[in-house]
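Trainee: sequence first, predicted model second:
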Amino acid sequence: MTADSVAMLDVRGLRKVYQGRGRSVEAVRDLTFTVGPGELVCIVGPSGAGKTTLLKCIAGLLDSTGGAVVLEGERVTGPPPGMAVVFQEYGRSLFPWMTVRQNVELPLKEKRVPRARRQVLVREALEAVGLAEAQDAHPWQLSGGMQQRVAIARAVAYEPHLLLMDEPFAAVDAQTRADLEDLVRSLWRRLGVTVLFVTHDIDESVYLGQRVIVLSDSPTVVLEEVAIDLPDERDQLTTRSLPRFAQLRGQVYELVQQAKSGHRPASPAPTGAGH
Ligand SMILES: Nc1ncnc2c1ncn2[C@@H]1O[C@H](COP(=O)(O)OP(=O)(O)OP(=O)(O)O)[C@@H](O)[C@H]1O
(Lines give C-alpha, C1' and ligand atoms only; values in the text may rest on other atoms or scores of the structure.)
Protein backbone atom coordinates (compact mmCIF):
# COMPACT_ATOMS: atom_id res chain seq x y z
CA MET A 1 0.00 0.00 0.00
CA THR A 2 1.32 3.47 -0.78
CA ALA A 3 1.59 6.06 1.97
CA ASP A 4 -1.13 8.29 0.54
CA SER A 5 -3.75 5.60 -0.12
CA VAL A 6 -6.47 5.22 2.52
CA ALA A 7 -6.48 1.89 4.34
CA MET A 8 -9.63 -0.18 4.14
CA LEU A 9 -8.86 -1.41 7.64
CA ASP A 10 -6.52 0.17 10.13
CA VAL A 11 -5.88 -1.65 13.41
CA ARG A 12 -3.91 0.62 15.73
CA GLY A 13 -2.41 -0.49 19.01
CA LEU A 14 -5.36 -2.77 19.69
CA ARG A 15 -5.48 -4.18 23.20
CA LYS A 16 -8.04 -6.45 24.82
CA VAL A 17 -8.12 -7.50 28.44
CA TYR A 18 -10.97 -9.79 29.50
CA GLN A 19 -12.18 -8.90 32.98
CA GLY A 20 -13.60 -11.71 35.05
CA ARG A 21 -14.44 -12.11 38.71
CA GLY A 22 -11.21 -11.07 40.43
CA ARG A 23 -9.22 -12.19 37.38
CA SER A 24 -8.17 -10.53 34.18
CA VAL A 25 -6.76 -12.11 31.02
CA GLU A 26 -4.72 -9.98 28.65
CA ALA A 27 -5.58 -11.66 25.33
CA VAL A 28 -4.33 -9.03 22.88
CA ARG A 29 -1.49 -6.75 23.95
CA ASP A 30 -0.70 -4.46 21.04
CA LEU A 31 -1.76 -5.16 17.48
CA THR A 32 -1.03 -2.76 14.66
CA PHE A 33 -1.55 -3.52 10.98
CA THR A 34 -3.40 -2.21 7.94
CA VAL A 35 -5.25 -3.86 5.08
CA GLY A 36 -5.46 -1.94 1.80
CA PRO A 37 -8.56 -1.77 -0.41
CA GLY A 38 -8.93 -4.94 -2.48
CA GLU A 39 -6.26 -6.90 -0.59
CA LEU A 40 -6.59 -10.52 0.54
CA VAL A 41 -4.71 -10.84 3.82
CA CYS A 42 -4.44 -13.95 5.99
CA ILE A 43 -3.80 -14.02 9.72
CA VAL A 44 -2.20 -17.08 11.33
CA GLY A 45 -1.09 -17.71 14.86
CA PRO A 46 -0.94 -20.51 17.40
CA SER A 47 -4.08 -21.76 19.13
CA GLY A 48 -5.19 -19.25 21.76
CA ALA A 49 -3.23 -16.41 20.12
CA GLY A 50 -6.27 -14.18 20.17
CA LYS A 51 -7.39 -14.51 16.55
CA THR A 52 -11.08 -14.74 17.42
CA THR A 53 -10.73 -11.89 19.92
CA LEU A 54 -9.15 -9.76 17.21
CA LEU A 55 -11.89 -10.54 14.67
CA LYS A 56 -14.64 -9.80 17.18
CA CYS A 57 -13.05 -6.42 17.90
CA ILE A 58 -12.76 -5.68 14.17
CA ALA A 59 -16.40 -6.73 13.62
CA GLY A 60 -17.53 -4.43 16.42
CA LEU A 61 -18.88 -7.38 18.42
CA LEU A 62 -16.48 -6.84 21.31
CA ASP A 63 -15.23 -3.61 22.90
CA SER A 64 -11.46 -3.22 22.94
CA THR A 65 -9.60 -2.15 26.06
CA GLY A 66 -7.28 0.17 24.15
CA GLY A 67 -6.29 1.25 20.67
CA ALA A 68 -8.65 1.54 17.74
CA VAL A 69 -10.13 -0.24 14.75
CA VAL A 70 -10.76 2.11 11.84
CA LEU A 71 -12.75 0.96 8.79
CA GLU A 72 -12.65 3.24 5.75
CA GLY A 73 -11.71 6.17 7.95
CA GLU A 74 -14.50 5.57 10.51
CA ARG A 75 -13.77 4.26 13.97
CA VAL A 76 -15.56 0.95 14.66
CA THR A 77 -17.74 1.11 17.79
CA GLY A 78 -20.40 -1.46 16.82
CA PRO A 79 -21.08 -3.77 13.85
CA PRO A 80 -20.24 -1.55 10.85
CA PRO A 81 -22.53 -1.54 7.78
CA GLY A 82 -19.73 -2.21 5.28
CA MET A 83 -18.61 -5.50 6.77
CA ALA A 84 -19.74 -9.13 6.55
CA VAL A 85 -18.43 -12.06 8.58
CA VAL A 86 -18.26 -15.78 7.76
CA PHE A 87 -17.76 -17.92 10.86
CA GLN A 88 -16.45 -21.45 11.24
CA GLU A 89 -19.72 -22.82 12.56
CA TYR A 90 -21.91 -22.74 9.47
CA GLY A 91 -24.38 -25.06 11.22
CA ARG A 92 -25.16 -22.36 13.75
CA SER A 93 -24.96 -19.37 11.43
CA LEU A 94 -27.84 -20.39 9.13
CA PHE A 95 -31.49 -20.49 10.22
CA PRO A 96 -32.75 -24.08 9.74
CA TRP A 97 -36.39 -23.07 9.27
CA MET A 98 -35.56 -20.77 6.37
CA THR A 99 -34.74 -21.85 2.82
CA VAL A 100 -31.32 -21.16 1.33
CA ARG A 101 -32.75 -18.18 -0.56
CA GLN A 102 -34.37 -16.74 2.57
CA ASN A 103 -31.14 -17.12 4.54
CA VAL A 104 -29.18 -15.21 1.91
CA GLU A 105 -31.88 -12.56 1.63
CA LEU A 106 -32.32 -11.85 5.35
CA PRO A 107 -29.43 -9.37 5.87
CA LEU A 108 -30.50 -7.55 2.70
CA LYS A 109 -33.97 -7.04 4.19
CA GLU A 110 -32.36 -5.67 7.34
CA LYS A 111 -30.28 -3.37 5.17
CA ARG A 112 -33.56 -2.24 3.53
CA VAL A 113 -32.48 -3.18 0.03
CA PRO A 114 -35.53 -2.91 -2.30
CA ARG A 115 -37.19 -6.21 -3.21
CA ALA A 116 -36.24 -6.27 -6.91
CA ARG A 117 -32.59 -5.56 -6.12
CA ARG A 118 -32.64 -8.22 -3.37
CA GLN A 119 -33.77 -10.83 -5.85
CA VAL A 120 -30.92 -9.97 -8.23
CA LEU A 121 -28.29 -10.00 -5.46
CA VAL A 122 -29.50 -13.32 -4.04
CA ARG A 123 -29.61 -14.97 -7.46
CA GLU A 124 -26.16 -13.72 -8.43
CA ALA A 125 -24.61 -14.74 -5.11
CA LEU A 126 -26.09 -18.26 -5.24
CA GLU A 127 -24.93 -18.63 -8.84
CA ALA A 128 -21.45 -17.44 -7.86
CA VAL A 129 -21.12 -20.20 -5.25
CA GLY A 130 -22.72 -22.83 -7.51
CA LEU A 131 -25.93 -23.23 -5.51
CA ALA A 132 -28.57 -21.73 -7.81
CA GLU A 133 -30.34 -25.10 -7.91
CA ALA A 134 -30.52 -25.40 -4.13
CA GLN A 135 -32.27 -22.10 -3.40
CA ASP A 136 -35.48 -23.72 -2.14
CA ALA A 137 -33.74 -26.33 0.02
CA HIS A 138 -33.32 -25.96 3.77
CA PRO A 139 -29.79 -25.84 5.23
CA TRP A 140 -30.18 -29.19 6.99
CA GLN A 141 -30.76 -30.85 3.60
CA LEU A 142 -27.29 -29.78 2.45
CA SER A 143 -23.77 -31.08 3.14
CA GLY A 144 -21.44 -29.12 5.41
CA GLY A 145 -19.51 -27.72 2.47
CA MET A 146 -22.74 -26.61 0.77
CA GLN A 147 -23.93 -24.94 3.98
CA GLN A 148 -20.68 -23.02 4.18
CA ARG A 149 -21.17 -21.96 0.55
CA VAL A 150 -24.60 -20.60 1.55
CA ALA A 151 -22.90 -18.61 4.33
CA ILE A 152 -20.40 -17.26 1.79
CA ALA A 153 -23.22 -16.38 -0.63
CA ARG A 154 -25.02 -14.53 2.15
CA ALA A 155 -21.88 -12.52 2.91
CA VAL A 156 -21.21 -11.77 -0.77
CA ALA A 157 -24.83 -10.76 -1.54
CA TYR A 158 -24.52 -8.14 1.18
CA GLU A 159 -21.86 -6.43 -0.99
CA PRO A 160 -19.48 -5.80 1.91
CA HIS A 161 -16.41 -3.65 1.49
CA LEU A 162 -14.58 -5.87 3.96
CA LEU A 163 -15.23 -9.61 4.26
CA LEU A 164 -13.98 -11.18 7.50
CA MET A 165 -13.57 -14.94 7.57
CA ASP A 166 -12.87 -16.72 10.88
CA GLU A 167 -11.45 -20.20 10.22
CA PRO A 168 -14.36 -20.77 7.84
CA PHE A 169 -13.22 -24.15 6.51
CA ALA A 170 -11.93 -25.77 9.69
CA ALA A 171 -14.92 -28.10 9.94
CA VAL A 172 -15.10 -29.43 6.36
CA ASP A 173 -13.22 -32.31 4.71
CA ALA A 174 -9.96 -31.71 2.81
CA GLN A 175 -11.44 -31.94 -0.71
CA THR A 176 -14.30 -29.55 0.09
CA ARG A 177 -11.85 -27.24 1.76
CA ALA A 178 -9.72 -27.04 -1.38
CA ASP A 179 -12.83 -26.23 -3.45
CA LEU A 180 -13.92 -23.54 -0.99
CA GLU A 181 -10.43 -21.99 -0.99
CA ASP A 182 -10.63 -21.68 -4.76
CA LEU A 183 -14.12 -20.23 -4.45
CA VAL A 184 -12.85 -17.51 -2.11
CA ARG A 185 -9.99 -16.65 -4.46
CA SER A 186 -12.25 -16.48 -7.49
CA LEU A 187 -14.89 -14.36 -5.70
CA TRP A 188 -12.19 -12.05 -4.41
CA ARG A 189 -10.70 -11.59 -7.87
CA ARG A 190 -14.07 -11.12 -9.52
CA LEU A 191 -15.72 -8.83 -6.98
CA GLY A 192 -12.71 -6.82 -5.83
CA VAL A 193 -13.80 -7.17 -2.19
CA THR A 194 -11.21 -6.79 0.59
CA VAL A 195 -10.78 -10.04 2.53
CA LEU A 196 -9.27 -10.67 5.96
CA PHE A 197 -9.02 -14.42 6.43
CA VAL A 198 -8.11 -15.98 9.79
CA THR A 199 -6.83 -19.53 9.80
CA HIS A 200 -4.61 -21.81 11.85
CA ASP A 201 -3.66 -23.67 8.64
CA ILE A 202 -0.28 -22.48 7.36
CA ASP A 203 -0.67 -23.99 3.86
CA GLU A 204 -4.07 -22.38 3.51
CA SER A 205 -2.73 -18.95 4.49
CA VAL A 206 0.06 -19.14 1.89
CA TYR A 207 -2.22 -20.51 -0.83
CA LEU A 208 -4.87 -17.83 -0.31
CA GLY A 209 -3.12 -14.68 0.77
CA GLN A 210 -1.24 -11.83 -0.83
CA ARG A 211 0.19 -11.27 2.62
CA VAL A 212 0.29 -13.37 5.79
CA ILE A 213 0.34 -11.70 9.20
CA VAL A 214 1.80 -14.02 11.83
CA LEU A 215 0.66 -13.39 15.40
CA SER A 216 2.64 -14.15 18.54
CA ASP A 217 1.07 -16.24 21.28
CA SER A 218 -1.18 -14.45 23.76
CA PRO A 219 -0.87 -11.58 24.87
CA THR A 220 -0.72 -10.98 21.17
CA VAL A 221 1.42 -8.74 19.00
CA VAL A 222 2.29 -9.02 15.29
CA LEU A 223 5.34 -11.29 15.04
CA GLU A 224 5.96 -10.70 11.35
CA GLU A 225 4.27 -10.01 8.02
CA VAL A 226 5.21 -12.20 5.07
CA ALA A 227 4.53 -11.02 1.49
CA ILE A 228 3.26 -13.91 -0.64
CA ASP A 229 4.85 -13.29 -4.02
CA LEU A 230 3.17 -16.21 -5.81
CA PRO A 231 1.47 -15.63 -9.16
CA ASP A 232 -2.10 -14.30 -8.89
CA GLU A 233 -3.37 -17.18 -11.00
CA ARG A 234 -3.37 -20.01 -8.44
CA ASP A 235 -4.57 -23.57 -8.55
CA GLN A 236 -4.32 -26.32 -6.00
CA LEU A 237 -1.98 -28.57 -7.96
CA THR A 238 0.37 -26.16 -9.72
CA THR A 239 0.68 -23.51 -7.01
CA ARG A 240 1.23 -25.97 -4.18
CA SER A 241 4.00 -27.72 -6.09
CA LEU A 242 5.96 -24.53 -6.80
CA PRO A 243 9.35 -24.37 -5.03
CA ARG A 244 8.45 -20.83 -3.92
CA PHE A 245 5.27 -22.16 -2.25
CA ALA A 246 7.38 -24.61 -0.24
CA GLN A 247 9.79 -21.83 0.76
CA LEU A 248 7.00 -19.51 1.91
CA ARG A 249 5.25 -22.31 3.78
CA GLY A 250 8.54 -23.12 5.49
CA GLN A 251 9.03 -19.48 6.44
CA VAL A 252 5.52 -19.12 7.92
CA TYR A 253 5.82 -22.51 9.65
CA GLU A 254 9.08 -21.44 11.26
CA LEU A 255 7.46 -18.20 12.49
CA VAL A 256 4.47 -20.03 13.95
CA GLN A 257 6.86 -22.42 15.75
CA GLN A 258 8.66 -19.39 17.19
CA ALA A 259 5.33 -17.92 18.24
CA LYS A 260 4.42 -21.15 20.04
CA SER A 261 7.67 -21.09 21.97
CA GLY A 262 6.89 -17.58 23.21
CA HIS A 263 9.16 -15.63 20.83
CA ARG A 264 8.34 -11.90 20.54
CA PRO A 265 9.49 -9.45 17.85
CA ALA A 266 12.88 -7.86 18.54
CA SER A 267 11.49 -4.33 18.65
CA PRO A 268 7.88 -3.87 19.67
CA ALA A 269 5.50 -2.82 16.89
CA PRO A 270 4.65 0.89 17.07
CA THR A 271 1.36 1.28 18.88
CA GLY A 272 0.45 4.78 17.77
CA ALA A 273 -1.95 4.72 20.71
CA GLY A 274 0.33 5.83 23.50
CA HIS A 275 0.02 2.86 25.84
N1 LIG B 1 -14.55 -14.38 27.29
C2 LIG B 1 -13.28 -14.60 27.69
N3 LIG B 1 -12.92 -14.41 28.98
C4 LIG B 1 -11.66 -14.59 29.40
N5 LIG B 1 -10.64 -14.98 28.59
C6 LIG B 1 -10.93 -15.19 27.30
C7 LIG B 1 -12.26 -15.01 26.76
N8 LIG B 1 -12.23 -15.30 25.44
C9 LIG B 1 -10.94 -15.63 25.15
N10 LIG B 1 -10.16 -15.57 26.25
C11 LIG B 1 -8.72 -15.81 26.33
O12 LIG B 1 -8.07 -14.95 25.39
C13 LIG B 1 -7.01 -15.63 24.73
C14 LIG B 1 -7.23 -15.59 23.22
O15 LIG B 1 -8.41 -16.34 22.88
P16 LIG B 1 -8.99 -16.43 21.38
O17 LIG B 1 -10.19 -17.32 21.41
O18 LIG B 1 -9.17 -15.08 20.84
O19 LIG B 1 -7.79 -17.14 20.63
P20 LIG B 1 -7.74 -17.89 19.21
O21 LIG B 1 -6.43 -17.53 18.61
O22 LIG B 1 -8.96 -17.55 18.42
O23 LIG B 1 -7.76 -19.40 19.63
P24 LIG B 1 -8.07 -20.70 18.73
O25 LIG B 1 -7.14 -20.67 17.56
O26 LIG B 1 -7.76 -21.82 19.67
O27 LIG B 1 -9.52 -20.61 18.35
C28 LIG B 1 -6.96 -17.04 25.31
O29 LIG B 1 -6.00 -17.05 26.33
C30 LIG B 1 -8.36 -17.22 25.88
O31 LIG B 1 -8.33 -18.10 26.98
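Mentor: Everything's here; your move.

Trainee: could you pull out the strands for the protein?
Mentor: 9-20, 23-35, 40-44, 66-71, 74-75, 83-86, 162-166, 194-198, 211-215, 220-227 (DSSP state E).

Trainee: dump those to a markdown table, plus mean pLDDT, distance to the ligand and mean neighbour count.
Mentor: (Glycine included, C-beta is placed from N, CA and C.) Converted to a markdown table, the strands of the chain look like this (pLDDT from 0 to 100; distance: least, CB to the nearest ligand atom, whole Å; neighbours: other CB atoms under 10 Å):
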| stretch | mean pLDDT | distance to the ligand | mean neighbour count |
| --- | --- | --- | --- |
| strand 9-20 | 94 | 3 | 18 |
| strand 23-35 | 93 | 3 | 19 |
| strand 40-44 | 96 | 9 | 25 |
| strand 66-71 | 95 | 15 | 19 |
| strand 74-75 | 94 | 21 | 12 |
| strand 83-86 | 92 | 14 | 22 |
| strand 162-166 | 94 | 8 | 23 |
| strand 194-198 | 96 | 8 | 25 |
| strand 211-215 | 96 | 7 | 24 |
| strand 220-227 | 94 | 7 | 18 |
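
Trainee: got CSV for the ones you listed, with distance to residue 172 too?
Mentor: Shown next, in CSV, are the strands of the chain (distance: least, CB to CB, whole Å):
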stretch, distance to residue 172
strand 9-20, 26
strand 23-35, 25
strand 40-44, 18
strand 66-71, 29
strand 74-75, 34
strand 83-86, 12
strand 162-166, 13
strand 194-198, 15
strand 211-215, 21
strand 220-227, 26
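
Trainee: pLDDT at residue 251, what is it?
Mentor: On the pLDDT scale, residue 251 is placed at 97.

Trainee: what residues are up against the residue of the stretch 151-275 of the chain found nearest the ligand?
Mentor: The minimum distance from the stretch 151-275 of the chain to the ligand, using CB to the nearest ligand atom, falls at residue 218 (4.5 Å). Contacts for residue 218 (CB atoms under 8 Å, 6 or more residues apart in numbering) come out as 26, 27, 28, 48, 49, 50.

Trainee: same check on residue 244?
Mentor: Applying CB under 8 Å, 6+ apart, we find residue 244 in contact with 229, 230.

Trainee: again, only using 10 Å
Mentor: Contact analysis of residue 244 by CB atoms under 10 Å, 6 or more residues apart in numbering lists 206, 228, 229, 230, 231.

Trainee: from residue 27, how far out is it?
Mentor: Distance, residue 244 to residue 27, by CB to CB, to the nearest Å: 34 Å.

Trainee: now residue 203
Mentor: Residue 203 is 26 Å from residue 27, by CB to CB.

Trainee: now swap in residue 34 and tell me
Mentor: 21 Å.

Trainee: again, but for residue 258
Mentor: From residue 258 to residue 27 the distance is 20 Å (CB to CB).

Trainee: for residue 167, same thing?
Mentor: 17 Å.

Trainee: ok, residue 133 next?
Mentor: On the measure of CB to CB, residue 133 and residue 27 end up 43 Å apart.

Trainee: ok, residue 149 next?
Mentor: 31 Å.

Trainee: repeat that for residue 42.
Mentor: 20 Å.

Trainee: name the residues of stretch 181-194 that are buried.
Mentor: 181, 183, 184, 185, 187, 188, 191, 193, 194 (16 or more other CB atoms under 10 Å).

Trainee: no no, stretch 119-127
Mentor: 121, 122, 125, 126.

Trainee: hang on, isn't the last one packed against residue 150?
Mentor: Yes: between residue 126 and residue 150 there is a contact at 8.1 Å, judged by CB atoms under 10 Å.

Trainee: what sits up against the helix or strand of the chain with the lowest mean pLDDT?
Mentor: Least confident helix or strand of the chain, by mean pLDDT, DSSP states H and E, is helix 90-93 with a mean of 78. The contact list for helix 90-93 (CB under 10 Å, 6+ apart) reads 85-87, 103, 139-140, 142, 144-152, 154-155, 168-169, 171-172.
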